[in-house]
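Colleague: The following comprises the amino acid sequence and a computationally predicted model.
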Amino acid sequence: MAILTLREAFKKDLVESFLPADPVRESPFWLSGAVRSDNRISRLIASGSQSFEVPYLNPISAKLEPNYSNTIVTDIAVPNVINAGKMKGLMAYLNESWLESHLETYLIGFEPLREIAKQIAGYWQEQTEERLVATLVGLRNYDQGNGKKFTTEKAAVFSVQDFIQVEGTMASKYRGKGALVINPAVATQLRLAKLLIPFQDPANLTVVETYNGRRVIESTNGTMTKTGATVKYVSYFLNEGAFAGESVPDREDLELERTAATGNGGGHTTLWTRRNMLIHPTGFSFVAESNTLTGGTKNEALSASWSDLTKAANWKLEVDDQIVDKLPLRILVNNAA
């Protein structure tokens, strides 16, 4: 059987029909509720805006005693001020390509275009997760130099006592739900102790593991630090809407390019995919100056690279100190042994 070339097999509309509308929604971070769509940001992306600035309303605190009504005309109640700020974020303009030779395995399959679409969707899902974890590292670095308002550090291995203590710093509505991002070594310790509970996700019927109500997401990125011989594991507690996430295909997504002169005239066919993506933490602003960005080339960088996302100086917490308990994010740092 003759092997189809990429140009012979490729049909853009058919590949698009096999692709999920937004690979972000296939990520365990999305399925856990930690990433959610934000209509305000969706509209800005659709408009072609490179950056966004949306209001962030600090939740109303009930810790102050209310006014008590009476019948005296001259007793005037003074309204409380609802503090509000603005979250600032930046779009990422991303692309990747593959030579036809790298796709030959899929071209000889029964449904080559479905397989290619599957690989592209998986690629963008992983890119989503890489950007999210890089952002978590950046927020941890930021908090280290700004009072550790949402970070707890323990000079011992991960324990249920630490877990309970960290959740105790969060609003009660966040406890026992959401996601727990941990290093595989920590997950192994918990699994050996029979503390991870299998659970079938009704969204896609896959079996996942939970720890005290939180969906466990294992990651080797951003979950371990090493200073000299000292190794520490970093765990992230993410709750509903900890991140706003959007990912839309570029107008020129899924483009075939034929270069006749490459290969000394033999030519090459390349498949290009392009996405405009935003993964932004709730309650924070990305404050890097545009001339410091490295997501691009030396001639122009419009996007934040993974390295940019990890830098403490590029982030700012917009939530008032008094209501940090409402922040849907916590970080726990433990010794490895």
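Modeller: Right, received. Where do you want to start? Numbers count the residues shown, from 1 in each chain.
Colleague: Could you find the residue nearest the spatial middle of this structure?
Modeller: Leu132 (2.8 Å; C-alpha atoms, centre = their mean).
Colleague: Now it: closest residue in space that isn't a chain neighbour?
Modeller: Closest residue in space to Leu132, ignoring its immediate chain neighbours: Ile279 at 5.0 Å, by C-beta to C-beta, 6 or more residues apart in numbering. Placement of C-beta: from N, CA and C, glycine included.
Colleague: which regions of the stretch 1-150 of the chain sit below the pLDDT cut-off?
Modeller: Applying pLDDT under 70 to the stretch 1-150 of the chain flags the ranges 1-4, 21, 23, 55-63, 81-85, 101-110.
Colleague: Now with 50, please.
Modeller: Residues of the stretch 1-150 of the chain that meet the criterion pLDDT under 50 lie in 1.
Colleague: returning to that earlier point: from Val157, how far out is the residue nearest to the centre of the chain?
Modeller: In this view, Leu132 and Val157 are 26 Å apart by C-beta to C-beta, to the nearest Å.
Colleague: do Thr273 as well
Modeller: Computed as C-beta to C-beta, the Thr273 to Val157 distance reads 42 Å.
Colleague: Have a look at those two and say which one is more surrounded.
Modeller: Neighbours were counted for Thr273 and for Val157 using other C-beta atoms under 10 Å; Thr273 has more, 23 against 14.
Colleague: Surely that one and Ala117 touch.
Modeller: No - counting by C-beta atoms under 8 Å, Thr273 stays clear of Ala117, with 10.1 Å between them.
Colleague: related to what we said a few turns ago, any idea which element the residue nearest to the centre of the chain lies in?
Modeller: If you go by DSSP states H and E, Leu132 is part of helix 112-144.
Colleague: ranges for the helices of this protein?
Modeller: Applying DSSP state H to the chain gives helices spanning 6-9, 12-18, 28-31, 39-46, 104-107, 112-144, 160-167, 184-192, 306-310.
Colleague: Can you tell me which of those is packed in deepest?
Modeller: helix 28-31 (a mean of 22; mean count of other C-beta atoms under 10 Å).
Colleague: What residues sit buried inside stretch 257-270?
Modeller: Under the neighbour-count criterion of 16 or more other C-beta atoms under 10 Å, stretch 257-270 has Thr269, Thr270 buried.
Colleague: Output the longest strand belonging to the protein.
Modeller: Ranked by residue count, the top strand of the chain under DSSP state E comes out as strand 268-281.
Colleague: Give me the sheet partners of that strand and which way each runs.
Modeller: Strand 268-281 pairs in its sheet with strand 92-99 (antiparallel), strand 243-249 (antiparallel), strand 255-259 (antiparallel), by DSSP bridges.
Colleague: Surely Ala117 touches Leu19?
Modeller: Yes - using C-beta under 8 Å, Ala117 is in contact with Leu19, at 4.9 Å.
Colleague: Leaving out the residues flanking it, which one is nearest to Gly245?
Modeller: Leaving aside its sequence neighbours, Gly245 sits nearest to Val35 (C-beta to C-beta, 6+ apart; 4.0 Å).
Colleague: That neighbour contacts Val24, correct?
Modeller: Yes - look at Val35 against Val24 with C-beta under 8 Å: they come within range, at 6.4 Å.
Colleague: Overlap of the contact sets of these two?
Modeller: Taking C-beta atoms under 8 Å, 6 or more residues apart in numbering as the criterion, Val35 and Val24 both touch Gly245, Ile279.
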